[in-house]
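J.: Model the following, please.
(chains A and B)
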2 protein chains.
Amino acid sequence: LGTFTLQVLGTSSATPAFSRLPSAQVVNYNDRYYLIDCGEGTQMQFLRYGIRYARLDAIFISHLHGDHILGLPGMLASMSILERTEPLPIFAPRALKELLDTTFKLSESYIRYELVFHALEDFEPGQVIFETEKLQVTSIPLDHRTWCRGFLFREVHKRRKFNFHAAKQLEVPRECFHLLKLGNDITLADGREIKAEYVTYPPESPLSYAYCSDTRYNEELVPWIKEVSLLYHEATFTEGFAKRAAETYHSTARQAATVAQMADVRHLLLGHYSARYRDLTPLLDEARAVFPHVDLALEGRFYDLKALQGEPREETPIEEGEEATDV
Amino acid sequence: LGTFTLQVLGTSSATPAFSRLPSAQVVNYNDRYYLIDCGEGTQMQFLRYGIRYARLDAIFISHLHGDHILGLPGMLASMSILERTEPLPIFAPRALKELLDTTFKLSESYIRYELVFHALEDFEPGQVIFETEKLQVTSIPLDHRTWCRGFLFREVHKRRKFNFHAAKQLEVPRECFHLLKLGNDITLADGREIKAEYVTYPPESPLSYAYCSDTRYNEELVPWIKEVSLLYHEATFTEGFAKRAAETYHSTARQAATVAQMADVRHLLLGHYSARYRDLTPLLDEARAVFPHVDLALEGRFYDLKALQGEPREETPIEEGEEATDV
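T.: Residues are numbered from 1 along each chain as shown, chains lettered A, B, ... in the order given. Modelled structure (predicted):
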């Protein structure tokens, strides 16, 4: 069965504080690993949590503020020392390449695998920037004081799964299985019509993860993250610092929750905490008052998208295909 | 009383490994703090060990390999966020400035205090690059595959301390104390000659710390570090990897001990360990077989130069000044 989990490696904004490191997260989709942002210390976090970072499948960088990128040069160099050979795609604002090139040149670091650099500026928001057979990544426009994009990881339409039990009970000849699996309806030689949905399970609803850091409160974000399974939205401050949040183009926990509520997401994860909070409970409480399905992003912690999605919020009508499995 | 301690923050070479971080050390001399090298994660180490890094008095960078500098951009930016205002002297190979400038520009970091940059290339080895009333820092030529300098922190000649007890017993008039303190001999009105050394304690021998990383084995280093109180010498490999050490311009633990032995230093500290060693005992054992006064550099650990200096190795003749205190 497929996995779609998020592991949080860094939750601090601007400076590290109270053992919290700057932003970094790993998405694991079916045993492929994607790094989002790479604050200083990310390679140490990989070691700490036993993730083999030399095998990362792609890197996504939201913007160039130091707390989101300063772990990159060291991590990329270490991957070379650890003898990675496969090319590594990296999606980031264009200027990151100059920063990396300068750092590697002056520190005499030789990266022996190919860094395949893709400038985010070359993609429209919503345009697919990366895809595999079952996953698509698009970028989301955020509203920060520097050019910044979020990322949306979305499963592509899942196939219905074949129900051998139902096909056998309906005495469908084996030579018809293939066409039915592909979604075709068939009329058998005996005149019975076998619809594809009689012999397949309904597809699971596709899961999706939206990463939104850093951004100030902006309702224009809502349509981009509508109904995602999991939304990570920065929550640098509590509402008492709303003015400071607006000035620095950051959000309060309440604002993050408001956006989550408006977008009707399944679950919200807060993060990017200011160093002024040793205890993060006030941020969680403030968000929960607006939107109940919320957690704090905590370092090392896994978030399983399927589990967090929980029960459907509305009754879904029973589909014919489901009845068919009871034949 | 004066303090002269070293605290080790990072001991790993090239990549972090087994919870060991890349190179960084803090020298505390009489409550002034000097950072030597700044591998990735150094600011987190400061937080971890409760050192207020915003008050650092100067930074010394030996060379530009990533494991010695990649913590700098983040730490310098954090010091600005923590509202440091005093200028900060930094001594490093010239190209570091370009690396920092590029990183700060592209990551839109604004450093609000003055970074006073001194290029090490502008100083001859042995020339004083930094000094306070009681401490001098010079640079040491090392033999690495990139341009690299070590650093020597040396107390300047200590003053003799005034011995009130002796002065009183000798019935020296109070108005003469000042001249005697400054080292003058005096003939009193009653014809007695009072030598300065009669009423002062002999000065303690000045302490010194030599930081030598990275370097391959090179006997030309010996005169630069002759008889220092504490020598930190890299020991990336055990002797079994002597060929690899030579190729990469690094040293074995045995080579570090040999240099320490030849230079007749008081104490040796090993560090810059390869990620191939989980257990560091083989490095320590190998060095101890050559030179007994040796320790492993361990993260978070303090090394007190005065305490490590231990007992004098040779009998020192009793000076007249000491006899005078018994008058």
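J.: which residues of the stretch 1-150 of chain A score low on pLDDT?
T.: Along the stretch 1-150 of chain A, the model assigns pLDDT under 70 to residues A:1.
J.: Around chain B, pick out the residues from it.
T.: Within the stretch 1-150 of chain A, the positions adjacent to chain B are A:14-17, A:19, A:21-22, A:40-41, A:43-44, A:47-48, A:64-67, A:69-71, A:73-74, A:77-78, A:81-82, A:95-96, A:98-99, A:102-103, A:106-109, A:146 by Cβ under 8 Å from any Cβ of the partner chain. C-betas here are computed from N, CA, C, even on glycine.
J.: Any of those residues buried? List them.
T.: Among the residues of the stretch 1-150 of chain A next to chain B, those classed as buried by 16 or more other Cβ atoms under 10 Å in any protein chain shown are A:14-17, A:21-22, A:40-41, A:43-44, A:47, A:64-67, A:69-71, A:73-74, A:77-78, A:81, A:95-96, A:99, A:102-103, A:106-107, A:109.
J.: hang on, A:Ala210 in a helix?
T.: No: judged by DSSP: H, G, I helix; E, B strand; the rest coil, A:Ala210 forms no part of a helix; its state is strand.
J.: so who does it touch?
T.: By Cβ atoms under 8 Å, 6 or more residues apart in numbering or on different chains, the contact set of A:Ala210 is A:140, A:150-153, A:224-225, A:228, A:230-232, A:265.
J.: Please enumerate the helices of the stretch 151-300 of chain A.
T.: A:164-169, A:177-181, A:242-247, A:253-263, A:281-288 (DSSP state H, counting those that start in this stretch).
J.: got the angle for the last one vs helix A:253-263?
T.: Per axes from the mean of the first three to the mean of the last three Cα atoms, to 10 degrees, the angle that helix A:281-288 makes with helix A:253-263 is 30 degrees.
J.: For stretch A:68-78, output the C-alpha coordinates as PDB.
T.: Extracted C-alpha coordinates of stretch A:68-78, given in PDB (Å, rounded to 0.1, in the frame of the first residue of the first chain):
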ATOM      1  CA  HIS A  68      15.300  28.200   4.500                       C
ATOM      2  CA  ILE A  69      18.500  27.600   2.500                       C
ATOM      3  CA  LEU A  70      21.700  27.800   4.600                       C
ATOM      4  CA  GLY A  71      21.800  24.000   5.100                       C
ATOM      5  CA  LEU A  72      22.000  23.400   1.400                       C
ATOM      6  CA  PRO A  73      25.600  23.900   0.500                       C
ATOM      7  CA  GLY A  74      26.800  21.600   3.300                       C
ATOM      8  CA  MET A  75      24.200  19.000   2.600                       C
ATOM      9  CA  LEU A  76      24.800  18.900  -1.200                       C
ATOM     10  CA  ALA A  77      28.600  18.700  -0.600                       C
ATOM     11  CA  SER A  78      28.100  15.900   1.900                       C
END
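J.: How far off centre is that stretch?
T.: Centroid displacement of stretch A:68-78 relative to its chain, using Cα atoms, centre = their mean, to the nearest Å, is 20 Å.
J.: who's in contact with A:Gln7?
T.: Contacts of A:Gln7 (Cβ under 8 Å, 6+ apart): A:25-26, A:28, A:49, A:51, A:300-303.
J.: A:Ala58 now?
T.: The contact partners of A:Ala58, by Cβ under 8 Å, 6+ apart, come to A:34-35, A:88-91, A:130.
J.: what does A:Leu308 give?
T.: A:229-230, A:266-267, A:293, A:295.
J.: Closest one to chain B out of the contacts of A:Gln7, please.
T.: Nearest to chain B, judged by Cβ to the nearest Cβ, of the contacts of A:Gln7 is A:Tyr49 at 12.4 Å.
J.: Torsion angles phi and psi at A:Thr138?
T.: phi -120, psi 170 (degrees, to the nearest 10).
J.: my read: it touches A:Gly150, true?
T.: No: counting by Cβ atoms under 8 Å, A:Thr138 stays clear of A:Gly150, with 9.5 Å between them.
J.: so how far is A:Arg154 from the residue nearest to A:His233 when sequence neighbours are not counted?
T.: Sequence neighbours aside, A:Ala256 is the residue nearest to A:His233 in space, at 3.9 Å (criterion: Cβ to Cβ, 6 or more residues apart in numbering or on different chains). Using Cβ to Cβ, to the nearest Å, we find A:Ala256 at a distance of 20 Å from A:Arg154.
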